[in-house]
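Student: have a look at this prediction, sequence included:
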Amino acid sequence: MHNFSINYLSEKNLDQVKAACRYAFQKLNFTDEEVNFSNDGENYYLVAEKREYGWFKDLFIKIDITESDDKKKLAINVDIDRPAIGRNLQNECKRWANNFINFLKEAESSFLNQKEQEEIYELHLEYVNKLAKKFIKRDLNKGLPFEDLVKEGRLGLRKAAENFCPTRGYMFSTYAYWWLNRYMSNAVEAQGPDTITYKFQKQKKYISEADELKKFAELKDQGIITEEEFNAKKRQILDL
């Protein structure tokens, strides 16, 4: 059993620190699947494990993220535990932890400044509208109006611009999608069960679809349209 710890104070917010930590793990050859984020109600932490890593066997790494004493910074503690047989483990632990902190600092320096955040936010406002329309088209909004979806989506877009870490190699639109989808989905769930109006509209839509399908089925039976044309219409009506 061997332990090694190192501490670092960050001025970034929690989401930025999480993104920076994931970037550091990525640079040190850990996949996203090998890094898990969790919290105990008060403190946040990331845990990573590898059975084989350099000199180490059964390597276990825990990154604790807590508020500093003055509550103005986040204290990051890197704890390396359980590397078994190997040479110069103390030096290897120290080297790994220092590399982690250096990569973390590299990621932190890449976050967008205020002007860049505003520019990328403005450039992607239409992206919010498109996703809101997709929610409605797929009946994912459960009656929540388009305007409310857009409002929530813009909050998510703002959060994405604030926490975007270019060094991770993702396109902004890919990263922003997660935040937009999260904010819109939370807004939909927060309104509770389907409204009566929405249920009525949904029922009306199903009746209309059934009537239209019946009409095209009759045209197919009469030989006016082919089976392929009927199936194409069916997919169109049901939005498949």
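Tutor: Received the coordinates, thanks.

Student: domain assignment for this protein?
Tutor: Listed by automatic domain parsing, the domain ranges of the chain are 3-110, 114-190, 196-238.

Student: mean pLDDT added to those, as CSV?
Tutor: Shown next, in CSV, are the domains of the chain (pLDDT from 0 to 100):
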stretch, mean pLDDT
domain 3-110, 82
domain 114-190, 90
domain 196-238, 66
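
Student: turn these into TSV, including mean neighbour count.
Tutor: All C-beta atoms are positioned from the backbone trio N, CA, C, and that covers glycine. Putting the domains of the chain into TSV (neighbours: other C-beta atoms under 10 Å) gives the following:
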stretch	mean neighbour count
domain 3-110	16
domain 114-190	17
domain 196-238	12
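
Student: show me what contacts the residue nearest in space to the middle of the chain?
Tutor: When C-alpha atoms, centre = their mean is applied to the chain, the residue found nearest the centroid is residue 178 (4.0 Å). The contact partners of residue 178, by C-beta atoms under 8 Å, 6 or more residues apart in numbering, come to residue 160.

Student: that one and residue 9, how far apart?
Tutor: Note on residue 178: its distance to residue 9, by C-beta to C-beta, to the nearest Å, is 28 Å.

Student: element containing the residue nearest to the centre of the chain, please.
Tutor: helix 172-190 (DSSP states H and E).

Student: and if you look at residue 64?
Tutor: Using DSSP H and E, residue 64 falls in strand 56-67.

Student: now swap in residue 115 and tell me
Tutor: helix 114-123.

Student: and the strands in the chain, which stretches?
Tutor: With DSSP state E as the criterion, the chain has strands at 3-10, 35-39, 44-53, 56-67, 74-81.

Student: dump these to CSV, plus distance to residue 187.
Tutor: Listed next are those as CSV, based on distance: least, C-beta to C-beta, whole Å:
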stretch, distance to residue 187
strand 3-10, 30
strand 35-39, 23
strand 44-53, 24
strand 56-67, 27
strand 74-81, 28
